[in-house]
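Trainee: this one's sequence-less:
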């Protein structure tokens, strides 16, 4: 049965538009980093619960955070790649292939050199705010095995692996993110995540999904602008062994429009994509409401002129069995959205699953007669 879960107070605050405040540090433990000094050295020296403040300037470092600290950057503090990658759990990951993220927030892993290593002890209460992360060969920020972490007013642009990656973590709040021009997903909530919030964020011009959710539960995506990516918001049952699929997701009050970049497949046999707004594949107990989903129209491959393989239009609700071997959608509600100017459909539903409701939307072209409000 679907798991019923109460979101922590910090997550409720973020979803309601309140500022997420990191817990105060113990008196006398704050550290300040200035240009020419090392942020990593300050993080290593900081006791649990301390605040490390970073003054404006450029810092050529790839950071690892493994303890409960707050990294608070002033406007104008920019993190850029160092000459060589440090050795930490993110760079030891076999999927890294020698690349590095800007910030690695990671718990204690059973074996960092093992792909998708189990988390032995999560890292708790890590807070990162105000930092700009640019030019890294992995994600701007990678979070793996964390609990009660916040990323607030972080800017991630021009990173080869995407803006933010989150895996096997719980109660992560991403608020006020600026994710632009990354060669990958804007926010990749890839697997094993629970109780997450993505709010008040701008995710534009990324060559991948704007926000991707795979095998995640009890998440909120609210008051975001997701545009100009190859796809807007994608939630997919990955059918992982021992996984929980995607359930308890809410997507509301967001603008998911003109996600029309062309993305070729990552490798031979994987599909190209363009022109996808909100795509729900095999999700359960999920609500999509009060969003603006406009002008998602697939582009053609600039090299060949062929249309994208995956170009679904506005809001699509599909069975996962043909994609990943996952489940059919159940208990999904799509209502009170403005879904116009999308091609080939404003609202697409393949009819699979049970208990799904699509109604009261402002739309024109749908495979479901009840999806669009009559007379509007």
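Mentor: That came in fine, so what should we check first? Remember, predicted model here, so these are calculated numbers, not experimental data.
Trainee: partner residues bridging residue 288?
Mentor: Note on residue 288: beta-bridge partners by DSSP bridges are residue 251, residue 334.
Trainee: name the SS class of residue 203, please.
Mentor: Here residue 203 takes the strand state, with states given by DSSP: H, G, I helix; E, B strand; the rest coil.
Trainee: now the one 3 residues further on
Mentor: Taken by three-state DSSP, the conformation at residue 206 corresponds to coil.
Trainee: from residue 191, how far off is it?
Mentor: Per C-beta to C-beta, to the nearest Å, residue 206 is found 19 Å from residue 191. Quick note: C-beta positions are derived from backbone N, CA and C, even for glycine.
Trainee: got the contact list for residue 79?
Mentor: 39, 59, 61, 63, 102-103, 131-134 (C-beta atoms under 8 Å, 6 or more residues apart in numbering).
Trainee: among the residues you listed, who's most crowded?
Mentor: When neighbours are counted as other C-beta atoms under 10 Å, the busiest of these turns out to be residue 102, with 31 neighbours.
Trainee: bridging residues for the residue nearest to it when sequence neighbours are not counted?
Mentor: With C-beta to C-beta, 6 or more residues apart in numbering as the criterion, residue 102 has its nearest non-adjacent residue at 3.6 Å, and that residue is residue 133. Note on residue 133: beta-bridge partners residue 79, residue 156, judged by DSSP bridges.
Trainee: so who does residue 133 touch?
Mentor: 78-79, 102-103, 140-141, 154-157, 159.
Trainee: in JSON lines: these, plus distance to residue 125.
Mentor: Output for those, formatted as JSON lines (distance: C-beta to C-beta, whole Å):
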{"residue": "78", "distance to residue 125": "25"}
{"residue": "79", "distance to residue 125": "21"}
{"residue": "102", "distance to residue 125": "20"}
{"residue": "103", "distance to residue 125": "16"}
{"residue": "140", "distance to residue 125": "21"}
{"residue": "141", "distance to residue 125": "16"}
{"residue": "154", "distance to residue 125": "17"}
{"residue": "155", "distance to residue 125": "23"}
{"residue": "156", "distance to residue 125": "22"}
{"residue": "157", "distance to residue 125": "27"}
{"residue": "159", "distance to residue 125": "25"}
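Trainee: any chance of the residues you listed in a markdown table with distance to residue 93 and pLDDT as columns?
Mentor: Output for these, formatted as a markdown table (distance: C-beta to C-beta, whole Å; pLDDT from 0 to 100):
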| residue | distance to residue 93 | pLDDT |
| --- | --- | --- |
| 78 | 25 | 98 |
| 79 | 19 | 98 |
| 102 | 15 | 98 |
| 103 | 15 | 98 |
| 140 | 16 | 98 |
| 141 | 15 | 98 |
| 154 | 21 | 98 |
| 155 | 24 | 98 |
| 156 | 19 | 98 |
| 157 | 23 | 98 |
| 159 | 16 | 98 |
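Trainee: my guess is residue 341 contacts residue 313. True?
Mentor: No - counting by C-beta atoms under 8 Å, residue 341 does not reach residue 313; the two are 9.3 Å apart.
Trainee: of the two, who's got more company?
Mentor: residue 313 (26 against 18).
Trainee: was I right to think the more buried one contacts residue 278?
Mentor: No - the criterion here is C-beta under 8 Å, and residue 313 misses it with residue 278 at 9.9 Å.
Trainee: dump the residue contacts of residue 225.
Mentor: Residues in contact with residue 225, defined by C-beta under 8 Å, 6+ apart, are 201-204, 254-255.
Trainee: rerun that using 10 Å as the cut-off
Mentor: Counting by C-beta atoms under 10 Å, 6 or more residues apart in numbering, residue 225 makes contact with 200-204, 210, 254-257, 292.
Trainee: and if you look at residue 38?
Mentor: 44-45, 59, 61, 63 are the contacts of residue 38 under C-beta under 10 Å, 6+ apart.
Trainee: take the residues you listed and keep only those in helices.
Mentor: Counted as lying in helices by DSSP state H, out of the contacts of residue 38, are 44-45.
Trainee: coming back round to it: which of residue 206 and residue 191 has more residues huddled nearby?
Mentor: Set side by side, residue 206 and residue 191 show more neighbours around residue 206, with 30 against 18, by other C-beta under 10 Å.
Trainee: roughly how far does the more buried one sit from residue 78?
Mentor: Taken as C-beta to C-beta, the span from residue 206 to residue 78 is 19 Å.
Trainee: just residue 127 next, same as before
Mentor: Distance of residue 127 to residue 78, given as C-beta to C-beta: 19 Å.
Trainee: residues in contact with residue 71?
Mentor: With C-beta under 10 Å, 6+ apart, residue 71 has these contacts: 22, 33, 39, 42-43, 46, 50-54, 63, 65, 77, 79, 103, 105, 126-131, 151, 154.
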